[in-house]
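Engineer: Here is the input, now give the coordinates:
(2 chains)
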Amino acid sequence: MDKKIKLAIGLGSTCAGCDIAILDLNEKILVLASLAEIVFWPTAMDFKLSDLERIGKNEIDISLQHGTIRTSEQEHIAHLLRERSKVMIAFGSCSCFGGIPGLCNLTSKEAIFETVYRDTPSTVNPDFITPKTEVKEGGYLLTLPELYEEGKALPQVVDVDYYLPGCPPAVELIDRLLPIIAKFLETGELPPKGMVIASDKTLCDECPLTKENKMISKIFRPHEIIPDPKRCLLEQGILCMGPATRGGCGARCINALMPCRGCMGPTAEVKDQGAKMISAIASILGVENEKDLSEDEVEKLVNQIKDPVGTFYRFTLPVALINRRIKEGS
Amino acid sequence: MGGFEPKVIGFCCNWCAYAGADLAGISRIQYPPNLRMIRVMCSGTIDPLYILEAFQKGADGVFIGGCHPGDCHYMAGNYKTRRKVSLVKRLLSQLGVSPQRIRLEWVSAAEGQAFAQVVTDFIEKVKELGPSPLNQESARHG
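Structural biologist: Numbers count the residues shown, from 1 in each chain, chains lettered A, B, ... in the order given. Okay, here's the model as predicted:
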């Protein structure tokens, strides 16, 4: 094929697992290479920010961005890519919903600096010197990107056309992206804006395990129990985010008998993944003789869930209804 | 906090707390007007989302009225409410919002006086706590 699309892959706060997921296409990476000319992908090739800045408006056909937006540089990359791309895809959970780095919203920039540059036992920093965005040193002006107070999902920063969730996105889903790119290249046609390249149903819908509508009274962490490989993990007392999470990932974790952690985000109808999951857990977390249970006993039952925010919003805190820690009485 | 009048959203079960509020009304029992009541068919239908959204949209407190344990019109709705509210309280305290801003009370249809009492108590408590930190937040960001 002579005509190729121009593809850019940008990044925010990321572990680069999304880049690896693209490489995990294995031999199909050749299909990608035949379809696309890569104009920006700093993780895999030698690209600098200036390479991206040189590209003109709308000259990139498709750009993928992964990672949470947390620094001024990452925001700059997102804006640059948006301006230069015809189609922009939020790639991976961090980009779609804020992801694990988005849990930084539970703390503050100040507290992070204090821990990292002062309080850790291996740090000796009596003057509490912290990174500054600009420093003059020997007549040179040195600059660093600014760390923001909050982590943000890509659609909270720029207009996003499509979403490809997953931590990292499943190869089957990236696979679904290739024909979309091929069609765009041949006919210029694109699917409807806002489409999420995944299933429209919850993970439970495609889960291979058997549900028996049982109540649970004890919650286990995955290492505390050897689960029955045929039965629903949630009904065995392992917190599985399946009921509140979008499917399409091929139930990778479930097939390895690990509970779903919710990386695919909520389904289209759900506004807040964590609230949905609390509903689901509350419905099955019960004991006999509930009538005579005291408030303390109910609390004890529920307190088995150690970290509600980190469990229910592990990947979606920045897009949740209440998306950061707020200080009461401040 | 002299003139602070809190906005409190109340979700009340059709079969008990709402009828209890009705009884308080027809018995002309006085309670503060800060409660904005929403009737639901069962306290169990209250999605945690409703509570979070109430706070996000500016409520200073959320009151939930359901049937006494054993009295749920739909058998077990109030038990689910109890667990949900307990979890939402923990969630909110992790997010820095005082769990005392949510109050779950069991009020039967015959307890008009008790309804007025718990609502008065709760509104007093919310007044003590002051405006919701989420409201101060939105005020700061415009």
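Engineer: Where does pLDDT dip in chain B?
Structural biologist: Within chain B, the stretches falling below the threshold (pLDDT under 70) are B:1-2, B:137-142.
Engineer: How about the residues of it by chain A?
Structural biologist: Proximity of chain B to chain A, by C-beta under 8 Å from any C-beta of the partner chain, involves residues B:47-49, B:52-53, B:55-56, B:69-70, B:76, B:79-84, B:86-88, B:90-92, B:94-98, B:129-130, B:133-134, B:136-137. C-beta: built from backbone N, CA, C; applies to glycine.
Engineer: Just the buried subset of those, please.
Structural biologist: Among the residues of chain B next to chain A, those buried by neighbour count (16 or more other C-beta atoms under 10 Å in any protein chain shown) are B:47-49, B:52-53, B:55-56, B:69, B:76, B:79-84, B:86-88, B:90-92, B:94-98, B:129-130, B:133-134, B:136.
Engineer: Got the phi and psi for the residue most central in space within chain A?
Structural biologist: What sits nearest the mean C-alpha location of chain A, by C-alpha atoms, centre = their mean, is residue A:93, with 2.1 Å. Dihedral angles of residue A:93 (phi, psi; degrees, to the nearest 10) stand at phi -60, psi -40.
Engineer: in chain A, which helix has the most residues?
Structural biologist: Taking DSSP state H as the criterion, chain A has its longest helix at helix A:171-187.
Engineer: what helices or strands is the helix or strand that that helix is followed by leaning on?
Structural biologist: Next along the chain after helix A:171-187, taking DSSP states H and E as the criterion, comes helix A:203-206. Secondary structure elements in contact with helix A:203-206, counted by 3 or more C-beta pairs under 8 Å, 6 or more residues apart in numbering or on different chains; DSSP states H and E, are absent; no helix or strand qualifies.
Engineer: Return the set of buried residues in helix A:203-206.
Structural biologist: Of the residues in helix A:203-206, those scored as buried under the neighbour-count criterion (16+ other C-beta under 10 Å) are A:203-204.
Engineer: What strand or helix carries residue B:78?
Structural biologist: For residue B:78, the enclosing helix or strand under DSSP H and E is helix B:77-94.
Engineer: Can you tell me the closest non-neighbouring residue to the most centrally placed residue in chain B?
Structural biologist: By C-alpha atoms, centre = their mean, chain B has its centre lying nearest to residue B:63, at 0.4 Å. When the adjacent residues along the chain are set aside, residue B:63 lies closest to residue B:10, with 4.0 Å between them (C-beta to C-beta, 6 or more residues apart in numbering or on different chains).
Engineer: distance of that neighbour from residue B:84?
Structural biologist: Distance of residue B:10 to residue B:84, given as C-beta to C-beta, to the nearest Å: 16 Å.
Engineer: Tell me the buried residues in stretch A:80-99?
Structural biologist: By 16+ other C-beta under 10 Å, the buried positions in stretch A:80-99 come out as A:80-82, A:84-99.
Engineer: Among those, which ones are in strands?
Structural biologist: A:85-91 (DSSP state E).
Engineer: okay, the residue of the stretch 1-150 of chain A found nearest chain B: pLDDT?
Structural biologist: Nearest to chain B in the stretch 1-150 of chain A, going by C-beta to the nearest C-beta, is residue A:106, at a distance of 7.2 Å. Confidence at residue A:106, expressed as pLDDT, is 95.
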